[in-house]
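> coordinates for the following, if possible.
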Amino acid sequence: MFSLAVLMILGSLSQVSWSCSCGPRHPQTVYCESPVVFRAKFMAQKDCAEREQWNEFQVKATKIFKAPKDMDDIQVIYSPKLESLCGYQHRSNNKSEEFMVAGTMVDGKVYINSCSFVVPWTDLTLGQKRGFLQVYAKHCHCKVKQCFSMPCKVDSGLECLWTDPLMRKRSLYSSHQAATWACVLKSDDLCIWSSLKSRTYASNSTKTK
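Okay, here's the model as predicted:
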């Protein structure tokens, strides 16, 4: 059962490979493809009592953006200890720092790995914050298609072509389309890029629960 759970965790995130090299994903794709998305403070880390070679992160969820209907709180996140198993290593000792976390779920428990989207909330652009708070969830019918080399084209009107990967930047999350654009539904059969920073960002929407 343990080995099966590991395979499910590592295989359920599309950006993970067996070498733990992480392919880029637009933040909208992160939101739409992840079973659980939330903002949290990392309070403590300890060995998992139930499973050897696993870490257990004690967290305080400050806002849950996406989760199963029966999940109204998140207090624990699991990850492999070993980097060879794509284990997540939390680098911050600041317990008051909030992180945007997108994870997967197995048997009702939340898991992350080294390729998971775990980003300090303050590092997100205003457009990305607005995307997670107000926009991405409404437009998951739209798909962000990655373009790694030209020529690139979309396969349907419900796709937006993401050309940031062509820039070969170290952090694609700070690139133009990832930082300021969302792929939104314009009509029943057409999705287009829309600027997130061109709209007024409601500062009071960033308040925690």
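
> those helices in the protein, which residues are they?
According to DSSP state H, the chain carries its helices in the segments 2-12, 27-33, 126-130, 176-180.

> check these for me: which has the lowest mean pLDDT.
Comparing mean pLDDT over the helices of the chain, the weakest stretch is helix 2-12, at a mean of 47.

> how close does the most far-flung residue of the chain relative to its centre get to residue 69?
For the chain, the residue at maximal distance from the C-alpha centroid (Cα atoms, centre = their mean) is residue 151, at 27.7 Å. Distance, residue 151 to residue 69, by Cβ to Cβ, to the nearest Å: 43 Å. Every residue, glycine included, has its C-beta placed from N, CA and C.

> give me the below-cutoff pLDDT ranges for the protein.
Segments of the chain classed as low confidence (criterion: pLDDT under 70) are 1-19, 168-172, 198-209.

> where do the strands of it begin and end?
When assigned using DSSP state E, the strands of the chain occupy the ranges 36-47, 54-66, 76-80, 98-106, 109-111, 117-120, 143-146, 159-162, 181-187, 190-195.

> now the ones you listed as JSON lines including mean neighbour count and distance to residue 29?
Converted to JSON lines, the strands of the chain look like this (neighbours: other Cβ atoms under 10 Å; distance: least, Cβ to Cβ, whole Å):
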{"stretch": "strand 36-47", "mean neighbour count": "18", "distance to residue 29": "12"}
{"stretch": "strand 54-66", "mean neighbour count": "18", "distance to residue 29": "13"}
{"stretch": "strand 76-80", "mean neighbour count": "21", "distance to residue 29": "21"}
{"stretch": "strand 98-106", "mean neighbour count": "21", "distance to residue 29": "10"}
{"stretch": "strand 109-111", "mean neighbour count": "22", "distance to residue 29": "19"}
{"stretch": "strand 117-120", "mean neighbour count": "18", "distance to residue 29": "10"}
{"stretch": "strand 143-146", "mean neighbour count": "20", "distance to residue 29": "5"}
{"stretch": "strand 159-162", "mean neighbour count": "20", "distance to residue 29": "8"}
{"stretch": "strand 181-187", "mean neighbour count": "20", "distance to residue 29": "9"}
{"stretch": "strand 190-195", "mean neighbour count": "16", "distance to residue 29": "13"}
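
> these into CSV, with extra columns for distance to residue 24?
Below are these laid out as CSV (distance: least, Cβ to Cβ, whole Å):
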stretch, distance to residue 24
strand 36-47, 18
strand 54-66, 20
strand 76-80, 21
strand 98-106, 14
strand 109-111, 21
strand 117-120, 11
strand 143-146, 7
strand 159-162, 8
strand 181-187, 15
strand 190-195, 17
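
> so which of those gets nearest residue 173?
With Cβ to Cβ as the criterion, residue 173 lies closest to strand 117-120 of these, at 7.0 Å.
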